[in-house]
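**Q** Could you look at this predicted model? Sequence included:
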Amino acid sequence: MATVEANVTPLEKELIIYEKGIPELLEVDTPLLSMMDKEESDPASNRPTRIPLLTAIQGTFQQTTIDGGNLGATSGPVWNVATLAPYYYTGGYSYTTLAKYATTGMARGVKSVTGEVMRLSIEQYRAAQDMLMNTAGNGVVGTITSVSTTTLTNDTYTLTTDGFKEELFYIGQNIQVYSSNLVTNRGTANVIAINRVTHVIQVSATIGSVTATDVIVIGGLSGTLTIQSSLFGIQYHQSDATSGLWLNLNRATISNIVTPSVNAASSTLVQSFIRAALNRIRMNLGDTFFRSEENKLVAYMHPAQADSYEGLAITISQIFKKPSGSEAVDLMFGNEDNMTMSNVPVRQSIHQDRTRIDFLSMGFWGRIVGTDTGFYRVGDRILFPAYGTDGVSLVSQEFFYIVSGVQIFNRNPLSGSYIKSLLVPAGSIY
């Protein structure tokens with residue numbers, strides 16, 4: 001009997017296509033984090049960092065007679081102090097001993113699992129930080145529109161209520177479900193699947209009592225949550241709320257810390273919204289500030305609103321071509337890096353709220369650092385063995401943590417503005 005192919009399979013070599021890199025089927029953007037500078041000062045301790053703010057010059061101004069007349073009452077400048085302290089975050093990663101052995105050296109693996117896990121862990125950790133930097137300070141990364149149980153052990157959540165939808169989630173992320181008032185912790189799970197077209201995530205557990213309007217927060221938070229429970233993101237610092245705290249100052253008594261906004265009322269973006277948002281900065285801080293290059297003003301938006309803005313140009317455009325007709329045509333107006341709004345550079349991020357455009361004066365934004373992002377160390381050790389349930393026997397697995405202590409500040413809430421409640425363009429994939 002002739003030898004068939006099935007008999008020679010042990011002699012065959014498989015083809016592995018990896019010379020041009022291994023495709024990474026995931027999203028690890030960090031556009032906002034990359035724009036944010038670390039404060040050039042001594043590292044922050046756990047005592048609050050102080051940011052002095054001049055909130056009023058005051059003084060009196062009146063007409064009088066200088067011929068023995070009363071010069072009037074007097075007053076003087078008022079300074080307030082904003083305070084913040086770093087919060088600490090960790091990211092845990094692990095691999096088995098067999099995975100390590102099986103990929104050690106070029107003879108065994110095209111990549112070493114040890115080096116790859118450490119490299120990729122930093123990328124994912126930074127991306128998770130960037131996601132959180134877009135939020136309102138309470139750790140909320142999504143709002144549940146509806147819930148269904150796909151199996152006895154898995155729930156699926158539809159997320160179409162807010163402007164973030166599913167964009168602040170990644171596979172493997174540990175999350176908690178809280179009641180909408182941020183009081184009741186309903187339970188924890190891990191994200192095991194994401195559908196970015198239908199805006200649905202699947203989690204690794206069936207959490208009881210979950211209902212529409214519940215919110216999803218990052219892992220590790222506990223107790224009643226407030227707007228100062230987690231990283232102070234864009235929607236914390238740029239808020240038109242007239243009550244509540246901002247860096248431990250009361251918005252109800254200090255109007256200068258309320259960021260001006262333009263309410264689009266679920267309308268499509270138009271030029272007047274942009275002009276109004278920029279004019280609100282001018283009205284609060286004057287033309288000298290507004291025209292200064294030191295404020296580093298950027299228009300920060302989701303690609304959905306960049307599409308809407310580009311659509312305004314498309315509707316009024318005429319294309320002039322040479323008689324030869326040989327010119328190239330780009331109906332999308334070229335590279336997005338060249339887009340501006342009234343000479344303000346546009347910065348796009350898929351982590352930004354789809355319904356907002358935030359004008360950020362990056363010269364006033366920064367981060368205080370309790371400890372730089374790096375591996376958690378005990379002495380010189382960054383890799384740790386896993387132990388069995390008896391607490392004594394070893395498990396053939398190694399793990400490590402990435403850790404950082406950080407908080408975001410904005411020294412001037414009036415230096416920015418934002419457009420809210422924008423309509424996401426019809427037919428948009430977003």
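**A** Yes, it's here.
**Q** What helix or strand is Y89 located in?
**A** Taking DSSP states H and E as the criterion, Y89 maps to strand 87-96.
**Q** That strand: partners in the sheet, and parallel or antiparallel?
**A** Taking DSSP bridges as the criterion, strand 87-96 forms sheet pairs with strand 394-410 (antiparallel).
**Q** Dump the next helix or strand after the partner strand to CSV, keeping only the CA atoms.
**A** Next in sequence after strand 394-410, counting helices and strands by DSSP H and E, comes strand 417-422. Once side chains and other backbone atoms are set aside, the C-alpha atoms of strand 417-422 remain, and they are given as CSV (Å, rounded to 0.1, in the frame of the first residue of the first chain):
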residue,chain,number,x,y,z
SER,A,417,-15.1,75.2,26.3
TYR,A,418,-17.1,72.4,24.8
ILE,A,419,-20.1,71.6,22.5
LYS,A,420,-22.4,69.0,24.0
SER,A,421,-25.3,66.9,22.9
LEU,A,422,-24.2,66.8,19.3
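**Q** which outside residues touch strand 417-422?
**A** By Cβ atoms under 8 Å, 6 or more residues apart in numbering, the surrounding residues in contact with strand 417-422 are 238, 240, 259-269, 273-274, 277-278, 280-281, 305, 308, 354-359. Bear in mind the C-beta positions are built from the backbone N, C-alpha and C, glycine included.
**Q** For E123, grab the count of nearby residues.
**A** For E123, the count of nearby residues is 14 (other Cβ atoms under 10 Å).
**Q** So it is in contact with D29, correct?
**A** No - the pair E123 and D29 fails to qualify as a contact (Cβ atoms under 8 Å) at a distance of 9.9 Å.
**Q** before we move on, what SS does S229 have?
**A** Secondary structure for S229, judged by DSSP: H, G, I helix; E, B strand; the rest coil, is coil.
**Q** Which entries within the contacts of strand 417-422 meet the buried criterion?
**A** Among the contacts of strand 417-422, those classed as buried by 16 or more other Cβ atoms under 10 Å are 238, 259-262, 264, 269, 273-274, 277-278, 280-281, 305, 308, 354-359.
**Q** mind listing the helices for the stretch 151-300 of the chain?
**A** 234-237, 271-290 (DSSP state H, counting those that start in this stretch).
**Q** then the longest one to PDB, C-alphas only?
**A** What follows is the C-alpha trace of helix 271-290 in PDB, where atoms were taken according to Å, rounded to 0.1, in the frame of the first residue of the first chain:
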ATOM      1  CA  GLN A 271     -20.300  76.500  12.300                       C
ATOM      2  CA  SER A 272     -22.200  78.700  14.700                       C
ATOM      3  CA  PHE A 273     -21.700  76.100  17.500                       C
ATOM      4  CA  ILE A 274     -17.900  76.200  16.900                       C
ATOM      5  CA  ARG A 275     -17.800  80.000  16.800                       C
ATOM      6  CA  ALA A 276     -19.900  80.200  20.000                       C
ATOM      7  CA  ALA A 277     -17.700  77.800  21.900                       C
ATOM      8  CA  LEU A 278     -14.500  79.700  20.900                       C
ATOM      9  CA  ASN A 279     -16.100  83.100  21.700                       C
ATOM     10  CA  ARG A 280     -17.000  81.800  25.200                       C
ATOM     11  CA  ILE A 281     -13.300  81.400  25.900                       C
ATOM     12  CA  ARG A 282     -12.600  84.900  24.500                       C
ATOM     13  CA  MET A 283     -15.400  86.400  26.600                       C
ATOM     14  CA  ASN A 284     -14.000  84.800  29.800                       C
ATOM     15  CA  LEU A 285     -10.300  85.400  29.400                       C
ATOM     16  CA  GLY A 286     -10.000  88.100  26.700                       C
ATOM     17  CA  ASP A 287      -8.500  88.300  23.200                       C
ATOM     18  CA  THR A 288      -4.900  88.500  24.500                       C
ATOM     19  CA  PHE A 289      -5.200  85.100  26.100                       C
ATOM     20  CA  PHE A 290      -7.200  83.600  23.200                       C
END
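**Q** And I57, its phi and psi?
**A** As for I57, its main-chain torsions (degrees, to the nearest 10) stand at phi -90, psi -30.
**Q** The closest residue to it other than its chain neighbours and T253, how far apart?
**A** The shortest distance from I57 to any non-neighbouring residue, by Cβ to Cβ, 6 or more residues apart in numbering, is to P77 (5.0 Å). From P77 across to T253, the span is 17 Å (Cβ to Cβ, to the nearest Å).
**Q** now do Y95
**A** Following Cβ to Cβ, the distance that separates Y95 from T253 is 53 Å.
**Q** repeat for G220
**A** Computed with Cβ to Cβ, the distance linking G220 and T253 is 32 Å.
**Q** What of G405?
**A** Using Cβ to Cβ, we find G405 at a distance of 30 Å from T253.
**Q** Tell me how many other residues surround the residue nearest to I57.
**A** Residues near P77, counting by other Cβ under 10 Å, number 10.
**Q** pretty sure it contacts A56?
**A** Yes - taking Cβ under 8 Å as the definition, P77 is a contact partner of A56 at 6.6 Å.
**Q** coming back round to it: take the contacts of strand 417-422 and keep only those in strands.
**A** Of the contacts of strand 417-422, the ones assigned to strands by DSSP state E are 261-267, 357-359.
**Q** Turn these into CSV, including pLDDT.
**A** Formatted as CSV, these follow (pLDDT from 0 to 100):
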residue, pLDDT
S261, 98
V262, 98
N263, 98
A264, 97
A265, 97
S266, 96
S267, 96
I357, 98
D358, 98
F359, 97
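**Q** Sketch out the low-pLDDT regions of the stretch 301-430 of the chain for me.
**A** Under the criterion pLDDT under 70, the flagged ranges of the stretch 301-430 of the chain are 314-337, 427-428.
**Q** Since that was my last question, I'll sign off now.
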